[in-house]
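Chemist: generate a structure from the sequence data that follows.
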Amino acid sequence: MNCKETEKMIPLFLTDKLNNRELSHFLMHVENCGECMEELTIQYLVMIGTSLIEDGKSFDLRKALNELISNADTKIRRWKIYMLLSYFAEIITIVVMIIILIVVIFV
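Modeler: The predicted structure follows:
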């Protein structure tokens, strides 16, 4: 994923509209690209921070954004574990089916 694609995805990230695969690629890029992280911070401030300031609420921008990214990382880790377990279950099912076929054929 390049910076241009990542920048287009920032509003989708901030509104939680990325699927797990897109989110994974987005986070990988943003966490390794200072320019995109800066753009994410700016858009986060404009989108979220402005409404909080207007409501008279104070907040720690960096902390709030880090929590958002951390929650997204957790979501992706859970998704990857789920996918791994799904693949493992499929393999077990295939092995069991092969064993049943062998037993049926040779018994």
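
Chemist: so how far is Leu61 from Arg21?
Modeler: 28 Å (Cβ to Cβ, to the nearest Å). C-beta here means a position set from N, CA and C on the backbone, and glycine is covered the same way.

Chemist: of the two, who's got more company?
Modeler: Remark: of Arg21 and Leu61, Leu61 carries more neighbours, 13 against 10, as counted by other Cβ atoms under 10 Å.

Chemist: OK, contacts around that one?
Modeler: Taking Cβ atoms under 8 Å, 6 or more residues apart in numbering, we find Leu61 in contact with Thr41, Tyr44, Leu45, Gly49.

Chemist: per-residue confidence for it?
Modeler: Note on Leu61: pLDDT of 78.

Chemist: just the helices in the chain please.
Modeler: With DSSP state H as the criterion, the chain has helices at 3-14, 20-32, 34-44, 50-54, 61-106.

Chemist: quick one: the second one to helix 34-44, angle?
Modeler: Counting by axes from the mean of the first three to the mean of the last three Cα atoms, to 10 degrees, helix 20-32 points 110 degrees away from the direction of helix 34-44.

Chemist: could you give me the buried positions within helix 20-32?
Modeler: Neighbour counts using 16 or more other Cβ atoms under 10 Å place Leu23, Ser24, His25, Phe26, Leu27, His29, Val30 of helix 20-32 among the buried residues.

Chemist: ok, the third one next?
Modeler: The neighbour-count criterion (16+ other Cβ under 10 Å) identifies Cys36, Met37, Glu39, Leu40, Thr41, Gln43, Tyr44 as the buried residues of helix 34-44.

Chemist: extract the CA atoms of it and return them as PDB.
Modeler: This file holds the C-alpha atoms of helix 34-44, laid out as PDB (Å, rounded to 0.1, in the frame of the first residue of the first chain):
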ATOM      1  CA  GLY A  34       5.600   9.100   9.500                       C
ATOM      2  CA  GLU A  35       4.000  11.200   6.800                       C
ATOM      3  CA  CYS A  36       0.800   9.100   6.800                       C
ATOM      4  CA  MET A  37       0.700   9.100  10.600                       C
ATOM      5  CA  GLU A  38       0.900  12.800  10.600                       C
ATOM      6  CA  GLU A  39      -1.900  13.100   8.100                       C
ATOM      7  CA  LEU A  40      -4.000  10.600  10.200                       C
ATOM      8  CA  THR A  41      -3.300  12.800  13.200                       C
ATOM      9  CA  ILE A  42      -4.400  15.900  11.400                       C
ATOM     10  CA  GLN A  43      -7.600  14.400  10.000                       C
ATOM     11  CA  TYR A  44      -8.300  12.900  13.400                       C
END
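
Chemist: nothing else from me, thank you.
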